[in-house]
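# Sequence and predicted model, in that order:
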Amino acid sequence: MTIGLHAWDTPNGRKISVALEEMGLAYRVFPIDIGKGEQFAPSFLKISPNNRIPAIVDPEGPDGAPVSVFESGAILIYLAEKTGLFLAREGRARIQALEWLMWQMGGFGPMPGQVHHFRQVADEADRRYGLERYSKETRRLYGVLDRRLAEAEFVAGKVSIADFAILGWAWRHERHQVDLADFPQVRRWYDALMARPGVSRGFAVPLDRAWPSS
């Protein structure tokens, strides 16, 4: 059965396209143009009541009936448990993957997202204050990740959904005004993930139009 991915070309959307490709799941993209406000459409709110992308609809849910899932972290956990891939079922590796997934959702996403916002603010004083505040925190988070990756190949030891989540935002490091040369372990990790065929396909899939085209 084909999973419906309702998304747009954003870090949070890319987390899911990468995971779907890495897990070898069949899916179809239903673009939600957030620039046009399509995330507020009643049909989308039925599957994502917080009017945020991404969301998925799996025609074959846990009980065999269709199920929708919103929030990127919840989607990643759902897909990992559905397939038995990229999330250990128990033990320290599972704990670490969930820790770093929550780290991304709580910080390494919201903070660089504020950098994106303040770069576009017209008022110079407001822009300067916002960029200073959130750029500092974003670089701190890159440092946290760099230290973790100095002691582990991937954030939970082996590749996990936490890596896919973090990668979705590290993909925009230039927009964060972060040079990965300043964080060599992040650079090593980033290059290793980007070299994976599934990750490459996940970033190549168009999220700004229906795919596959009918």
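Right, received. Where do you want to start? Computed from a predicted model, the values in this text were never measured in an experiment.
# Domain map for the chain?
Per the record, the chain has its domains at 3-86+199-204, 91-196, by automatic domain parsing.
# Now render these as JSON lines, adding mean pLDDT, mean neighbour count and distance to Ser213.
Using the backbone N, CA and C atoms, a C-beta is placed for each residue, glycine as well. As requested, these are arranged in JSON lines below (pLDDT from 0 to 100; neighbours: other C-beta atoms under 10 Å; distance: least, C-beta to C-beta, whole Å):
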{"stretch": "domain 3-86+199-204", "mean pLDDT": "97", "mean neighbour count": "18", "distance to Ser213": "10"}
{"stretch": "domain 91-196", "mean pLDDT": "95", "mean neighbour count": "17", "distance to Ser213": "24"}
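# Format these as JSON lines; extra columns: distance to Ala210.
As requested, the domains of the chain are exported to JSON lines (distance: least, C-beta to C-beta, whole Å):
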{"stretch": "domain 3-86+199-204", "distance to Ala210": "6"}
{"stretch": "domain 91-196", "distance to Ala210": "21"}
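# Now for Tyr134: which residues touch it?
For Tyr134, the residues meeting the contact criterion (C-beta atoms under 8 Å, 6 or more residues apart in numbering) are Met111, Pro112, Gln114, Val115, Phe118.
# Assumed the third one was part of a strand.
No. Read with DSSP: H, G, I helix; E, B strand; the rest coil, Gln114 is helix and lies in no strand.
# secondary structure element for the closest residue to it other than its chain neighbours?
The shortest distance from Gln114 to any non-neighbouring residue, by C-beta to C-beta, 6 or more residues apart in numbering, is to Tyr134 (3.9 Å). Mapping Tyr134 onto the secondary structure by DSSP states H and E places it in helix 124-149.
# Considering the contacts of Tyr134, which is situated nearest to Tyr27?
Nearest to Tyr27 among the contacts of Tyr134, counting by C-beta to C-beta, is Pro112 at 26.4 Å.
# Next up, the contacts around the closest one.
Shown in contact with Pro112 (C-beta under 8 Å, 6+ apart): Tyr134, Thr138, Leu141, Trp169, Arg172, Arg175, His176.
# Now tabulate the residues you listed in JSON lines and tack on distance to Phe86.
Supplementary listing: the contacts of Pro112 in JSON lines, determined by distance: C-beta to C-beta, whole Å:
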{"residue": "Tyr134", "distance to Phe86": "30"}
{"residue": "Thr138", "distance to Phe86": "26"}
{"residue": "Leu141", "distance to Phe86": "22"}
{"residue": "Trp169", "distance to Phe86": "17"}
{"residue": "Arg172", "distance to Phe86": "22"}
{"residue": "Arg175", "distance to Phe86": "26"}
{"residue": "His176", "distance to Phe86": "25"}
